[in-house]
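**Q** Any chance you could fold what I've pasted below:
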Amino acid sequence: MRSIILLFLTFIFINEGYTQETDRSPEVKAAIDSVAKYLDIGDFTEAEQWLEEARARLGTNPDGRDYFNLRYNEGILLLKKWQLESAEPILMECLELARHSADSSQLVMANAVMSQLKAEQSLHGASIVYGNEALSYLQSSDDSLHYYALTSNISISYMHDHDIEKSLQYAIAAKDFYKREGRYLELGLTLNNIGELYREQLKDDKMAERHYRQAIAMNKSHGFKSGLASNYLNLGLTFDSFQQRDSALYYFKLSEKIRLEIGDVGGHAMVHNALGQLNLRNGDIEAAKDAFLETIRISNEHKIYPGLFYGNSGLGKAYFKSGAYNGAKKYFGKALDTAEDLDSKVMIADSHKSLYELEREIGDFKAALNHFEAYSSYSDSIRMKESENEFAELKTLYETDLAHTENKLLKANQASQNAEIKRQQIASFGLWSLLGLVLVITLILYIGYTRRSKSLKKEAALRQELQTHYNTVQRQKEELNELNDLKDKIFSVLGHDLKAPLTSISSLINLMNSGDIEPDEFATLTQHLDKETKAGLISLQDILVWSQAKAGNGKIDIEKLSVSSVVNECLKNSQRQIENKELQVSTNWDHAQSIQADKNQFKSIAFNLISNAIKFSPKGGKIIVRTFKDSIGGYFTVRNEGEGISEELISKINNSHKVISKRGTQGEKGTGVGLRIVSDFAELHGGYLKFRAVETGGTEVEVFFPSQKSSLKVSA
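**A** Below you'll find the model as predicted:
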């Protein structure tokens with residue numbers, strides 16, 4: 001998936017606004033443009049046919065630019081088909097052609113695609129070198145789409161080279177540019193890459209999930225289905241790391257659906273391979289086999305050779321894990337054949353390792369030894385190839401730098417000889433020449449100093465911006481921890497409020513089954529059970545309405561409510577607690593018999609405040625519920641007698657959105673979630689929740705509802 005994103009970003013600066021000279025042959029140009037078009041949509045068969053047509057039209061004495069473009073697209077085709085070793089000499093030839101022609105656009109293209117090749121070969125140091133070389137040839141400024149397309153790719157190479165700070169710095173700079181310029185497609189890709197950085201390198205799955213969801217929102221709102229499919233797949237992998245299999249499967253299925261819609265057969269195969277790996281890890285062998293078989297079917301149909309390798313390898317592991325060794329041997333063998341066709345030493349080594357482990361398990365130690373020797377040989381070959389590649393890169397860079405240095409020395413010697421001849425011919429102007437040289441040197445030093453200062457200032461600004469982003473991340477992490485604590489308290493409330501009625505139901509069923517229950521006792525128990533069940537349903541309804549509002553899915557419907565009707569219903573549901581404490585409850589609606597509010601949310605506010613008053617009232621105490629109005633709105637208050645509430649606790653409640661709880665007068669436990677719900681509902685109405693101590697003892701809680709509040713869509 002990451003390679004698709006890298007290639008796409010490479011094509012941005014080639015296809016969007018990077019000016020090149022018109023080719024001399026319109027027929028060749030048309031054929032090469034067709035190759036590029038079919039490469040872009042992933043139709044390799046058509047691309048190969050147009051490539052043959054372009055070769056035929058090129059002739060024996062082609063224009064240099066035509067030949068470069070032909071070889072460049074040929075290398076891109078092999079790179080997209082993941083035939084890296086075949087692509088490398090062609091792309092190196094393109095680089096040599098570009099260096100020979102000194103054409104800046106060709107130098108950018110060749111170095112950029114070499115950076116991509118090295119990234120696919122996991123030679124990330126070399127990828128960074130080629131990427132920066134491409135940047136040095138850019139004719140546009142460092143605040144352009146071309147610049148940030150390249151730095152986005154280099155950021156991923158820095159990530160795999162374990163330079164996390166520079167990777168994040170480049171990625172954030174690109175993200176800010178795309179956001180500022182309204183480049184939403186590139187912004188979604190960059191958010192996805194930042195999520196990859198957090199998931200793979202920083203091991204911060206929560207921050208990875210956050211960036212994937214931002215990318216999903218961006219791609220959804222602008223209809224970028226390909227990016228959305230990649231986001232869903234990555235989010236599924238993140239949930240897989242959480243061991244949340246159902247969520248992972250859900251997002252894999254979303255990714256699969258979109259890839260089918262847009263005809264992304266490669267991505268479709270990728271999703272089924274991920275499903276196979278997920279089911280294999282979770283022990284669902286049959287589901288894993290089905291997924292790997294689908295990967296193989298799609299890859300066979302569309303000639304996706306890496307997909308054939310991974311599908312056969314995964315299917316072999318599924319058979320191995322289930323003890324079906326013949327099936328495992330068959331599919332490991334097919335994976336090895338595909339790896340040899342691709343000439344991928346890494347895949348060949350992996351296949352021999354799987355076959356070695358299989359033969360050792362079967363007990364065929366001779367065959368196991370043969371596969372182990374092959375595995376060791378290819379592993380050594382891979383390490384040697386990496387060393388050779390790194391050495392070749394250093395050699396190429398050294399020779400390039402040496403050529404630049406020799407040119408500079410040659411020019412300097414020629415200038416010195418000309419100056420000496422001129423001084424000999426015009427001796428009288430020697431002093432003026434010396435003064436002119438001093439002035440030139442001073443100007444060069446001044447220019448160098450100015451550029452250095454600007455560079456240092458820019459670096460300092462980027463570091464400051466990175467620190468700002470880091471502080472934002474830390475603050476958001478603290479907010480997430482607070483929300484997680486709130487979630488735990490909500491589960492505690494639900495567990496408590498639902499446990500009692502469920503326990504009572506279980507006990508009643510046991511009594512009915514045993515036949516040891518009288519009709520009167522049955523009526524009493526069902527009446528008691530009805531009250532407990534209604535109380536549990538009220539709590540569940542409160543939290544459901546509140547969670548919908550916080551998620552942005554709720555809607556406030558303001559209407560004129562009868563206060564007495566709502567409060568009487570709440571008192572009826574709390575009758576058992578009132579009787580247990582022998583409380584006296586009085587109401588006063590003389591100054592406001594109705595109130596403008598959302599019915600469900602006002603019920604929740606009234607029930608939670610009355611429950612809170614009961615909880616903190618002493619036995620035999622009084623509770624007063626009343627309403628009144630003024631010119632700006634209505635007020636709903638609940639007062640209870642008792643110890644009262646301290647000024648310190650009132651200040652905390654009135655000035656904090658945190659969950660604060662305290663035990664009741666008879667040791668009743670609390671979570672503080674009810675007051676949080678009341679506070680949030682009051683704010684959604686444009687009002688407030690306020691606590692104050694009563695001089696004679698006790699506490700009065702006031703909720704304000706502003707008048708003329710129209711219905712609105714909640715945004716959390």
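
**Q** mean confidence for the one helix or strand residue 431 maps to?
**A** Element membership for residue 431 (DSSP states H and E) is helix 430-514. For helix 430-514, mean pLDDT is 79.

**Q** for it, packing partners?
**A** Judged by 3 or more Cβ pairs under 8 Å, 6 or more residues apart in numbering; DSSP states H and E, helix 430-514 is in contact with helix 164-181, helix 205-222, helix 365-425, helix 519-551, helix 673-684. All C-beta spots, glycine's among them, are computed from the backbone N, C-alpha and C.

**Q** go again using 7 Å as the cut-off
**A** Applying 3 or more Cβ pairs under 7 Å, 6 or more residues apart in numbering; DSSP states H and E, one finds that helix 430-514 makes contact with helix 164-181, helix 519-551, helix 673-684.

**Q** Just name the most buried of the ones you listed.
**A** Highest mean neighbour count among the helices and strands packed on helix 430-514 (mean count of other Cβ atoms under 10 Å): helix 673-684, with a mean of 21.

**Q** just for the stretch 601-716 of the chain, where's the confidence low?
**A** For the stretch 601-716 of the chain, the stretches with pLDDT under 70 are 644, 650, 652-664, 666-672, 708-716.

**Q** Strands of that one, start to end?
**A** Along the stretch 601-716 of the chain, the stretches classed as strands by DSSP state E, counting those that start in this stretch are 622-630, 633-640, 688-693, 699-706, 712-713.

**Q** And the pLDDT for residue 301?
**A** Taking residue 301 on its own, its pLDDT is 85.

**Q** Relative to residue 38, how far out is it?
**A** From residue 301 across to residue 38, the span is 18 Å (Cβ to Cβ, to the nearest Å).

**Q** more neighbours, those two?
**A** Ranked by neighbour count (other Cβ atoms under 10 Å), residue 301 and residue 38 place residue 38 first, with 19 against 10.

**Q** thinking that one is in contact with residue 46, fair?
**A** Yes: the criterion here is Cβ atoms under 7 Å, and residue 38 meets it with residue 46 at 4.1 Å.

**Q** burial count for residue 37?
**A** When neighbours are counted by other Cβ under 10 Å, residue 37 comes out with 13.

**Q** Now it: which helix or strand?
**A** Using DSSP H and E, residue 37 falls within helix 26-41.

**Q** Could you do residue 560 as well?
**A** Here residue 560 sits within strand 558-562, counting by DSSP H and E.

**Q** With residue 293 instead?
**A** Residue 293 is part of helix 285-302 when elements are defined by DSSP H and E.

**Q** tell me the mean pLDDT for whatever helix or strand residue 196 lives in?
**A** Element membership for residue 196, per DSSP H and E: helix 184-200. Average pLDDT, helix 184-200: 86.

**Q** Over to stretch 52-63?
**A** 84.

**Q** Ok, stretch 334-347 next?
**A** The average pLDDT for stretch 334-347 rounds to 86.

**Q** And it, what's buried?
**A** Buried residues in stretch 334-347, counted by 16 or more other Cβ atoms under 10 Å: 334, 335, 336, 338, 339, 342, 344, 345, 346, 347.

**Q** how close does the closest residue to the fifth one other than its chain neighbours sit to residue 364?
**A** The spatially closest residue to residue 339, leaving aside those adjacent along the chain, is residue 347, at 3.5 Å (Cβ to Cβ, 6 or more residues apart in numbering). Per Cβ to Cβ, residue 347 is found 23 Å from residue 364.

**Q** ditto for residue 137
**A** When residue 137 is compared with residue 364 (using Cβ to Cβ), they lie 57 Å apart.

**Q** Between those two, which has more neighbouring residues?
**A** Using other Cβ under 10 Å as the criterion, residue 137 and residue 364 rank with residue 137 on top: 18 against 15.

**Q** Pretty sure residue 109 is one of the things that one touches, is it not?
**A** No: if you go by Cβ under 7 Å, residue 137 and residue 109 don't touch, sitting 9.4 Å apart.

**Q** Which residues are in contact with each of these two?
**A** When Cβ atoms under 7 Å, 6 or more residues apart in numbering defines a contact, no residue borders residue 137 and residue 109 alike.

**Q** still on that earlier bit, which residues touch the helix holding residue 196?
**A** For helix 184-200, contacts defined as Cβ under 7 Å, 6+ apart pick out 2, 5, 8-9, 12, 152, 155-156, 159, 167-168, 171, 174-175, 178-179, 204-205, 207-208, 211-212, 214-215, 218-219, 222, 224, 227, 230-231, 234, 238.
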